[in-house]
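*Asks:* how would this look folded up:
(chains A, B, C and D)
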4 protein chains.
Amino acid sequence: MKSTIGKNITISLYGESHGESIGVVIDGLEAGIKLNLDAVQAQLDKRRAKGKISTQRHEEDLFHITSGFFNGCTTGTPLHIQIMNKEQHSRDYTPQLLRPSHADYTAYVKYHGCQDYRGGGHFSGRITAPLVAAGAIAQQILEKKGILIGTHIKQCMDIHDREFDDLNADLKALSAMDFAVLDNDAQSAMIKLIEAAAAQKDSVGGILETMILNVPAGIGEPYFHSIESNLSAYLFSVPAVKGVEFGMGFDFVNHYGSEANDAWLMSGDKIVSKTNNNGGINGGIANGMPILFRTVIKPTPSIFKPQQTVDYNEKKETILELKGRHDPAIFHRARVVVDAVTALCLLDLCVEAYGGKWMRD
Amino acid sequence: MKSTIGKNITISLYGESHGESIGVVIDGLEAGIKLNLDAVQAQLDKRRAKGKISTQRHEEDLFHITSGFFNGCTTGTPLHIQIMNKEQHSRDYTPQLLRPSHADYTAYVKYHGCQDYRGGGHFSGRITAPLVAAGAIAQQILEKKGILIGTHIKQCMDIHDREFDDLNADLKALSAMDFAVLDNDAQSAMIKLIEAAAAQKDSVGGILETMILNVPAGIGEPYFHSIESNLSAYLFSVPAVKGVEFGMGFDFVNHYGSEANDAWLMSGDKIVSKTNNNGGINGGIANGMPILFRTVIKPTPSIFKPQQTVDYNEKKETILELKGRHDPAIFHRARVVVDAVTALCLLDLCVEAYGGKWMRD
Amino acid sequence: MKSTIGKNITISLYGESHGESIGVVIDGLEAGIKLNLDAVQAQLDKRRAKGKISTQRHEEDLFHITSGFFNGCTTGTPLHIQIMNKEQHSRDYTPQLLRPSHADYTAYVKYHGCQDYRGGGHFSGRITAPLVAAGAIAQQILEKKGILIGTHIKQCMDIHDREFDDLNADLKALSAMDFAVLDNDAQSAMIKLIEAAAAQKDSVGGILETMILNVPAGIGEPYFHSIESNLSAYLFSVPAVKGVEFGMGFDFVNHYGSEANDAWLMSGDKIVSKTNNNGGINGGIANGMPILFRTVIKPTPSIFKPQQTVDYNEKKETILELKGRHDPAIFHRARVVVDAVTALCLLDLCVEAYGGKWMRD
Amino acid sequence: MKSTIGKNITISLYGESHGESIGVVIDGLEAGIKLNLDAVQAQLDKRRAKGKISTQRHEEDLFHITSGFFNGCTTGTPLHIQIMNKEQHSRDYTPQLLRPSHADYTAYVKYHGCQDYRGGGHFSGRITAPLVAAGAIAQQILEKKGILIGTHIKQCMDIHDREFDDLNADLKALSAMDFAVLDNDAQSAMIKLIEAAAAQKDSVGGILETMILNVPAGIGEPYFHSIESNLSAYLFSVPAVKGVEFGMGFDFVNHYGSEANDAWLMSGDKIVSKTNNNGGINGGIANGMPILFRTVIKPTPSIFKPQQTVDYNEKKETILELKGRHDPAIFHRARVVVDAVTALCLLDLCVEAYGGKWMRD
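*Replies:* Numbering: from 1, shown residues only, chains lettered A, B, ... in the order given. Prediction:
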C-alpha cells in the first residue's frame, strides 16, 4: 500500500521521469458517470510547463484511458490512465553527485543504488501528471454536487495576493488562469520575481491557499480520519510541500480563545459561523462553512548556481553545477496538483459518508 | 477503519469522556518486548491536568493492560489498554447549545443527535489518554534503538522559547518537565500568561516544536506514505492541532533556493547536511538528520466569557455561558500527546522498512 | 492490521483464554441504531458450553459495552464490547508439551516462547465470544433489512441432516436451537455420537451449512473482494474451519456445464435462477438468490487419549496425556460463530454498496 | 480498495476483455531484485489457450513493464505490467441475453447497464493474465528462498491423478507441463474427456491440488489473517473457484480426532508431524510441513448447447445459443493462475513476518 491512497476512491500511482509511461489506476468510481475528457486534458494543460518561468522540457501530456471507461461513461471497474513519456533526453547521468534538497541521497540509501535515477526517477514532479488527471475526474464528480475547489497563489517572497472576496466568482476566475493570482498587479510582480530569480540561476517558493465551497456538514471522521488528517496526508504527497495549515493556522498562537472562536449564528434557517477561523472544520468534521487551508511549496531545489555537495560513491565533497532543464519555481504548477489531490481526498470522504451511489444520484 | 490508524503498528481507539472506560487496542507489537509500565504511567501523569493552568477535573488515569502482556513482556498478540473514567460529574447537559469552535454542531449533524454529548463525548481531549499510553510503549521501543523524541513549547502569544541547542541534553531535560519550555524565563512568562488568560475567563494557544534524533536514513515512502504525509495524519488527529510544518516550513516562502537548499557534507565517513531546512526529510524519506516539525495548538475553545451561539433544536440565536471545569490552555498537555502519536507513527514506518523483528533485535 | 478485519464495519479483536478480559472494538456502525442487548446475550448463550457434549469450563459470558452506546442506541463512534474471564483455572502448565494439531508449536516459533500459553492463550476458541457479540449486533441490523442468516449442522460422520426446505421456517427454527439440526432423528443421533466419542476419550468434527436470505443482487465486488473471497477470509478465521465451499462446491467436479449452469427464469417481474448451484453468487457478486455455503469444522484436537508428541524445550519425543476441561466436539458451538462472522462480513459488503446511512434508513 | 489486495505486496488490477490493455501495478517489491523476464513470459505462455481443449481466441500475451524496473532489477517503486489486447473480435453483442452462471446479470444490476459487456468485460478470465505475470515475479522471489509452489489437476469427473509422491520431483515435473497431471494415463484420459465434452457442446470442471514446500514455520497470523484466510481470499478471486479446502479438508467430517490429529515427531533436530492432515497450518500459522490445499473449478459456463435464459431489457424468457470462441474447460489454465495468486499471497505473508529486505537478503 506504499503507492496507494484512499479508502473508497483508491488511487495507485506508478512511473518514473524517464520511463516509458506514467500512470494511475483509480478504483471505486461508480458506474455510469459521464466524463468530460476535455476538462481532464485542460487540467493537465494547466500543469504543463510553459513560458520562461518553467522548465524547457515541454511534454504534451496527452492522457489515455485504457480501461474502466466505455461509451463515454465510467464502468464501475478500475479506470487506468496512462501518459507516455516522450521528451526524455538521453544523457549521461552522474546520480552519485547528490543534488541538495532533492531525494537523490535518500533514494540511494532506501533503494541501495537500484533506483531509476534518470531525471529524478519516481521522485520527479512529472509523476504528478497522472495525479492531476485522476483529480480532474474527481473534481468533475464533486462539481455536479456543487462542491467547488480553487487555489490561488497567496504569497511569493513579500508579494501577497488579495484575500478571497466573492467566493464563487474568485473560484471561477482561478479555474481559467494559468498563473493563479487574483490580483493583477500581484500576478505580474510574482512572474517578474520568478524571472529575476531564474536570471540569477536561483529559484523561489510560494504559499498556496485553497478554498472548497459547499462541502456538506458532517463529512470527515474524528481523530485519525479527520478532514485535516486525510487532506494533509494527500497534500504532503505533493512534492515540495513542507507545511499545511487550516483556517487561522499558525496565527492561532497570537489570539485569545475569545478572538479565535467562531460564534454560531442563524442565516435564515441555516446554522453558520460568524467567522471561519477553523477553516470549516470542527472536531475533524466539516461544519458547512468554506474549507480553507494553505500549503507552502519550497523553492525548487534544482538551481543553476554551483552548490556544495558530496559524491555518494567516492564519499568525497565536491561542487555540483546543474545543467539541463529546470523550473525556477513550481508553485504555480503545483497549484493544479493541490486542487487534484484535494478533490481525490474529498471525494473519498464524501463516499465514506454517503456511499458510492451518491456519485451518480 | 475510521478509528484505526497504522499499517504495521495498528491502534484502534474507543471511548467517551463520560463513558465507563476509554481505551486502545495496539496490534503488531513483536513478542518478547519487555515493557516498563512505570514509564508508561509517567507519560500519562505528564498529560494529566495539574495546577491552575488546567481543568479541575483531576482523573488519576491509571491504566490497565488486559491482554497481550504476559510475564512482563509483550506476547505478540493484541495489547489492550484500558483506563476507567472516574471523575465524570453528572449534571444536566444542554448539548443543543452549541459551544463555538467545538465539535458539538458537527457531531449533531454527523450522528443526527445520537452522539454521547456528555463532556464532549468521543471528541473530548480525554480520549487522548489511551493514545499517550500506546505512544509511551512505542517510545520505549524506539529508545532502545537510540531514536529519541522530544517536544517543547516554542511559542505562546509573543513569548518564544529558545532554539534547540545541545540536542541530546535538551531532549533529556524536556522529558523531565511538566511544562516543557527550555528557557526558564520563557517558561514562567508563559505560565503567567495562561493564568492571566484564565483570570480573564479566556484561553490561549501555542506552537509546539518536536525533534526526533537518530532516525535511520531511508525510513518513509515516496508520495502517499511520506514521513510528512503519515506524521501529519497522526498529528492532525490530536484535537486542536490546526497546522503542521516541517523544517523551515512556511518560512520557505521568504527564501531563495540557494538559501534554502541543504548542502551535503562529509562528517567523517557519514554524509550529513550543512543546514537542516528540510527537517531531516527529502522526497518524503528520512535523510538521517534530526527530524524537526512544528504544530500549532489553537486556544482552548471552552472559555467562561459569554459567547454568541445557537440553540440547535430551536434553531434560535442565544448566549452561552459555560460552567464546569475547563482548561485555559492545553498545548502544554497536548505536547505529551504529540510525542505519543509521533512515536506511534515512527514505529510504524520503521517496521515498514525493517520488519517486525527489528523491534526486538 | 493483524487482528483487524473489515473495511466499513471494522472489528479489532483482543484477548487470551486466561487473561483478565477479552473483547472487540467495532467501528463503522451508523449512529442511532437501537440495539437489543438481550438478543446479543442470547447468541452468547447459544455459544456457551452446555451439557456433556461440551467442555466443563462454564463461563457466564456476560458482555459489557463500555463505549459507543448511549441511550439505547449506537453513537456512531467505536463500540467496545468486553467480557471478563472468570473461570480460568490456575494450574501448572507445561506448554512445551506440544498438543498435536493445536497452535502450540506454531505459537512457540512465531512468538519465540513469549506467547500467553495458558489455556491456548490468544488461540483459544474462547476468543470467539466477543466475535459472537459483535456478530449479533450485525445480525440485528441485517434482520431489519430482511436479510436472514442461519446455519445447520449438515453432517457429522455418516449422519446427515435433511436439506433446507421451507427456507424462512427453517431459519426461524434454527435460531431457537442450541444444537442446530433440522431433522429430529439426525439431531439425537449426532448428540449420541458425540457422547460416544467423549466416552472413548475422542472427538468428532462436522460440516455446517449456512443460508443467507434476501441479500440484494449487486452486493460484492469482482476479484479480490468477491463475496466468496471476503466471506472465506472471515470463515477461515474461525478456529478449526479447514474448508469452505459455495453452492455445489466440490461436487462441481462431477457435473457437466449443462448440468451445473443455473438457467435464468422470470418469476413475476423478478429475474431468478432455476437452480442455485452457484450459491447465489455470480462473478463474486450476489444475484439475489439465497447465498449458500458449507464449512467443515475439524474434530477438536484436545482429546484425552494418549498422544505422541514432542517436548519443545528438550527437543525429545514423549507421550502427552491431556487433563482439564475439553470439548469432544465444537461444531455445534462453532455454528454460532459462523453466523456471527457471516453477519459481520455481509454488513461490511452492504455498507460498501449502499453507504453507512443504509444501516439506519 | 475494491481491485487491490495485499498489505505488503500490493497488486492493483485493471482491464477488460475487449479494452485496449489489461494490467497490474505491483507495489512493495524491494529494490535490486534481478528478474528473469523469460520465466515470467513462460508462465503467461502456460496460461494461454492452446489446442482443441481451449478457446480459439489466441492472444500472444506479451507483457510489458513500463515502470519500476531498471537495469534488469526492480527499483523499489511500483512496477507496472501491461498486456495489450489484440485479438478482440468486433461483433454485435446482445448483453441483455444473460449467459447462465456468468456475471452478466450481476454486472447489470451492480453497474446499472454501464459495464463494458464485450467478452465479459472486467469479469473475463482474460484479466487473470496480468495476475499470472505478477505472480510469476513473486514466485521467482520465493524460489530463491527455497519456497516452491506447484499445482496439479487432482480430479476431473471420475478421473483422478495420483497422489503427490516425491515432492520436489513432482513440483519440478509440473512446472514443465502444459496440462498438469502427474499420471500419464490420467492426463490422456482427462484430455479426451474435455474433447468429448467439447464435441457435445458441453464443458467440464476440475479439482486442483496445490503444494507449497519449505514455507518457514511461523508465517501467518491468528484469526483474520491466518494463512487459510488470506490464501482463500486470493483463491476465490480466481474466476470459477467455488471451494477451497486445506489438508484433509471436508474429509475431516469422517474422522475421529485421534485419527485426524497430526502427532509431533523429531526428525533429527527438527520438529515435524507424522501426518499432515492440517495441510501445514496450525492456528492459522505455518508449521513447517508442506502446505497443501485443493480448489474446485466449476465447468466453464460458456457452452454451445441451447440454454434457457432471460432478456434483461425485455424481462422475458428466451433461449440463448452462444456463438464465438469458448473454453470447454479452464481448470488446466486456471492452475497457472492458482500458482500465481498463491505466490502473491505467500510473499505478502513472508514480508509481513520478515520485512521487505528479506526479499533481497
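*Asks:* drop to CA atoms for contacts and neighbour counts, all remaining ones
*Replies:* Will do.
*Asks:* low pLDDT regions in the stretch 151-300 of chain A?
*Replies:* Nowhere does the stretch 151-300 of chain A drop to pLDDT under 70.
*Asks:* do the stretch 1-150 of chain A as well
*Replies:* The model of the stretch 1-150 of chain A has pLDDT under 70 over residues A:90, A:92.
*Asks:* can I get the longest helix seen in chain A in PDB, CA atoms only?
*Replies:* Longest helix of chain A, by residue count under DSSP state H: helix A:331-354. Extracted in PDB, the C-alpha atoms of helix A:331-354 (Å, rounded to 0.1, in the frame of the first residue of the first chain):
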ATOM      1  CA  PHE A 331       4.300  26.600  -7.000                       C
ATOM      2  CA  HIS A 332       2.200  27.900  -9.900                       C
ATOM      3  CA  ARG A 333       2.200  24.400 -11.400                       C
ATOM      4  CA  ALA A 334       1.800  22.700  -8.000                       C
ATOM      5  CA  ARG A 335      -1.400  24.500  -7.500                       C
ATOM      6  CA  VAL A 336      -3.100  22.300 -10.100                       C
ATOM      7  CA  VAL A 337      -1.800  19.300  -8.200                       C
ATOM      8  CA  VAL A 338      -3.100  20.600  -4.900                       C
ATOM      9  CA  ASP A 339      -6.500  21.000  -6.500                       C
ATOM     10  CA  ALA A 340      -6.300  17.500  -7.800                       C
ATOM     11  CA  VAL A 341      -5.400  15.700  -4.600                       C
ATOM     12  CA  THR A 342      -7.900  17.900  -2.700                       C
ATOM     13  CA  ALA A 343     -10.600  16.600  -5.000                       C
ATOM     14  CA  LEU A 344      -9.500  13.000  -4.600                       C
ATOM     15  CA  CYS A 345      -9.400  13.200  -0.800                       C
ATOM     16  CA  LEU A 346     -12.700  15.000  -0.600                       C
ATOM     17  CA  LEU A 347     -14.500  12.600  -2.900                       C
ATOM     18  CA  ASP A 348     -13.200   9.700  -0.800                       C
ATOM     19  CA  LEU A 349     -14.600  11.400   2.300                       C
ATOM     20  CA  CYS A 350     -18.000  12.000   0.700                       C
ATOM     21  CA  VAL A 351     -18.300   8.400  -0.500                       C
ATOM     22  CA  GLU A 352     -17.400   7.300   3.100                       C
ATOM     23  CA  ALA A 353     -20.300   9.300   4.400                       C
ATOM     24  CA  TYR A 354     -22.900   8.800   1.600                       C
END
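*Asks:* so does it get close to chain B?
*Replies:* No - using Cα under 8 Å from any Cα of the partner chain, helix A:331-354 stays clear of chain B, coming no nearer than 8.8 Å.
*Asks:* what is that helix packed up against?
*Replies:* If you count contacts as 3 or more Cα pairs under 8 Å, 6 or more residues apart in numbering or on different chains; DSSP states H and E, helix A:331-354 packs onto helix A:37-47, helix A:128-144, strand A:148-156, strand A:206-213, helix A:227-235.
*Asks:* tell me the contacts of residue A:22?
*Replies:* Contact criterion Cα atoms under 8 Å, 6 or more residues apart in numbering or on different chains gives A:13-16, A:82-85, A:127, A:130, D:66-67 as the residues in contact with residue A:22.
*Asks:* number of nearby residues for the residue nearest to it when sequence neighbours are not counted?
*Replies:* Closest residue to residue A:22 apart from its sequence neighbours, by Cα to Cα, 6 or more residues apart in numbering or on different chains: residue A:15 at 4.1 Å. When neighbours are defined as other Cα atoms under 10 Å in any protein chain shown, residue A:15 has 31 of them.
*Asks:* returning to what we had before: now the longest helix of chain A against helix C:331-354, angle please.
*Replies:* Comparing the axes of helix A:331-354 and helix C:331-354 via axes from the mean of the first three to the mean of the last three Cα atoms, to 10 degrees yields an angle of 130 degrees.
*Asks:* and helix A:331-354, average pLDDT?
*Replies:* Averaged over helix A:331-354, pLDDT sits at 97.
*Asks:* just want the residue of the stretch 151-300 of chain A that's nearest chain C.
*Replies:* For the stretch 151-300 of chain A, the residue closest to chain C is residue A:222, as judged by Cα to the nearest Cα, at 8.5 Å.
*Asks:* what's the closest non-adjacent residue to that residue?
*Replies:* Nearest to residue A:222 is residue A:284, by Cα to Cα, 6+ apart, at 5.4 Å.
*Asks:* around the one you found, how many other residues sit close by?
*Replies:* 31.
*Asks:* show the contacting residues for it.
*Replies:* Here residue A:284 is in contact with A:220-223, A:225-229, B:237 (criterion: Cα under 8 Å, 6+ apart).
*Asks:* can you classify the closest residue to chain D within the stretch 151-300 of chain A by secondary structure?
*Replies:* With Cα to the nearest Cα as the measure, residue A:237 is the residue of the stretch 151-300 of chain A nearest to chain D, at 14.8 Å. Assigned with DSSP: H, G, I helix; E, B strand; the rest coil, residue A:237 falls in the coil class.
*Asks:* which residues are in contact with it?
*Replies:* Neighbouring residues of residue A:237 by Cα under 8 Å, 6+ apart: B:222-226, B:228-229, B:284.
*Asks:* change it to 6 Å
*Replies:* B:223-224 (Cα atoms under 6 Å, 6 or more residues apart in numbering or on different chains).
*Asks:* cool, and residue A:136?
*Replies:* So residue A:136 contacts residue A:40 (Cα under 6 Å, 6+ apart).
*Asks:* please apply the same query to residue A:152.
*Replies:* Residues counted as contacts of residue A:152 (Cα under 6 Å, 6+ apart) are A:180-181, A:208-209.
*Asks:* run the contact check for the one helix or strand residue A:292 maps to versus chain B.
*Replies:* When elements are assigned from DSSP states H and E, residue A:292 belongs to strand A:291-297. Yes - Strand A:291-297 reaches chain B (Cα under 6 Å from any Cα of the partner chain) through residue A:296.
*Asks:* after that strand, which helix or strand is next? Please name it.
*Replies:* strand A:307-311.
*Asks:* what mean pLDDT does that following strand get?
*Replies:* Averaged over strand A:307-311, pLDDT sits at 97.
*Asks:* in the stretch 101-250 of chain A, which residue sits nearest chain D?
*Replies:* Residue of the stretch 101-250 of chain A nearest chain D, by Cα to the nearest Cα: residue A:115 (4.6 Å).
*Asks:* what's that residue in contact with, if anything?
*Replies:* By Cα under 6 Å, 6+ apart, the contact list for residue A:115 reads residue D:75.
*Asks:* at 7 Å what do you get?
*Replies:* Residue A:115 makes contact with A:107, D:75-76, according to Cα atoms under 7 Å, 6 or more residues apart in numbering or on different chains.
*Asks:* wait, a strand at it?
*Replies:* No - under three-state DSSP, residue A:115 sits outside any strand and is assigned coil.
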